[in-house]
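Asks: The following block contains a protein sequence and its predicted model.
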Amino acid sequence: MAQPYPFSAIVGQDEMKTAILIAAVDPSIGGVLVLGDRGTGKSTAVRALAALLPPMKAVAGCRYGCDPADTSSRCEQCAALKPEGRAPRTHTIPVPVVDLPLGATEDRVVGALDLERALSQGVKAFEPGLLAQAHRGFLYIDEVNLLEDHLVDLLIDVAASGENVVEREGLSIRHPARFVLVGSGNPEEGELRPQLLDRFGLSVEVRTPEGLADRVEVVRRRDAYEQDRAAFVEAWKKEDERVRRQIVAGRKRLASVQVPDAARQRISALCMALGTDGLRGDLTLMRAARAMAALDGDAEVGDAHLRRVAAPALRHRLRRNPLDSTGSTSRVDRAVSELMGA
């Protein structure tokens, strides 16, 4: 298996890397949408995440990798296990990062009848799909804005319920499918459906590096990686390990991070000033700021955390204003400055 490009070796794109780390610390944020130019490290960052995340415990023999500590979200097989006074057998598995290709069929995504067993043994058996493989991990969709409508509807349903239900060909299967949805794409090639856009917790923008030094460094590092992948990965191993420890510490600290009433008022006042629909923006901004504080090692959420996550959490939730020619990022930054000072 080819060694992925180290996460820490990615030049610039700080907003994208921060959003991915936030989603790794708190999956309830709802995923990350990465929009921008081609060749700016979008897919590289997501695939680098697979090697960066610490392994997780799963029920031994479970095809879905059910969490042994979570009895509320288990497949039918794990739910039927008799405790007998002891915990189920477990093993350690890597956190899955699954690619959903644009040309994937619905059967490939949700799962279907195992035709080989049906023909050879006459047994109706379920062959899990990509949603099952991504359970407790990350589901990555490149060019998500070009995804077919029926798959978009399917993903919206599963992302909302955390469960995949398959009823076809005499099969009736229900299994947990909780994953962090990560999508990337170029806005010039087509817009994302509003229903799916709203499901992403954070939206980040990436651009081609404008500085000469940054462009040269990107090319230099990529060339070094392609010349000797093992040596390049080893050179960045220490830095990637530091980021891994930061994620682990952030996850442990997350539940204890306090969100003061003053911060909650800032969050709601900011969303009101921007005119975001519903309360999903308020909740996402609060969760993202809390995860940011956990990553930074802080005990409570403050203005500094809100400033860093306001644009990713809110820019894709703004209504289009024909009288305001500024972009959504500028509108969020302006509202933050008016509320919290320059």
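Replies: Everything's here; your move. Residues are numbered from 1 along each chain as shown.
Asks: Show the backbone phi and psi for the residue nearest to Glu148 when sequence neighbours are not counted.
Replies: Spatial nearest neighbour of Glu148, excluding adjacent residues (CB to CB, 6 or more residues apart in numbering): Leu102 at 7.8 Å. C-beta here means a position set from N, CA and C on the backbone, and glycine is covered the same way. Here is the backbone geometry of Leu102 (degrees, to the nearest 10): phi -60, psi -30.
Asks: what about Leu102, neighbour count?
Replies: With neighbours defined by other CB atoms under 10 Å, the count for Leu102 comes to 12.
Asks: for it, what are its contacts?
Replies: Residues in contact with Leu102, defined by CB atoms under 8 Å, 6 or more residues apart in numbering, are 141-143, 146-148.
Asks: Return the closest of the residues you listed with respect to Val257.
Replies: Ranked by distance to Val257 (CB to CB), the contacts of Leu102 are led by Ile141 at 30.2 Å.
Asks: Only alpha carbons, please: show the helix or strand containing the closest one as PDB.
Replies: Assigned by DSSP states H and E, Ile141 falls within strand 138-142. Extracted C-alpha coordinates of strand 138-142, given in PDB (Å, rounded to 0.1, in the frame of the first residue of the first chain):
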ATOM      1  CA  PHE A 138     -14.800   9.500   7.100                       C
ATOM      2  CA  LEU A 139     -16.600   9.300   3.700                       C
ATOM      3  CA  TYR A 140     -14.800  11.400   1.100                       C
ATOM      4  CA  ILE A 141     -16.500  12.600  -2.100                       C
ATOM      5  CA  ASP A 142     -14.300  14.400  -4.600                       C
END
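Asks: Now tell me what touches the helix or strand just after it from outside.
Replies: The element immediately downstream of strand 138-142 (helix or strand, assigned by DSSP H and E) is helix 149-161. With contact meaning CB under 8 Å, 6+ apart, helix 149-161 is reached by 30-31, 104, 106, 109-110, 131, 147, 164, 177, 181, 193, 195-196, 199.
Asks: one step back: quick one: pLDDT of the residue nearest to Glu148?
Replies: Leu102 carries a pLDDT score of 80 in this model.
Asks: helix, strand or coil for Val204?
Replies: strand (DSSP: H, G, I helix; E, B strand; the rest coil).
Asks: Just give me the neighbour total for it.
Replies: Residues within reach of Val204, counting by other CB under 10 Å, total 25.
Asks: For it, name its beta-bridge partners.
Replies: Note on Val204: beta-bridge partners by DSSP bridges are Val34.
Asks: Is it correct that His135 is in contact with Glu163?
Replies: No. Taking contacts as CB atoms under 8 Å, His135 lies outside contact range of Glu163: 10.0 Å.
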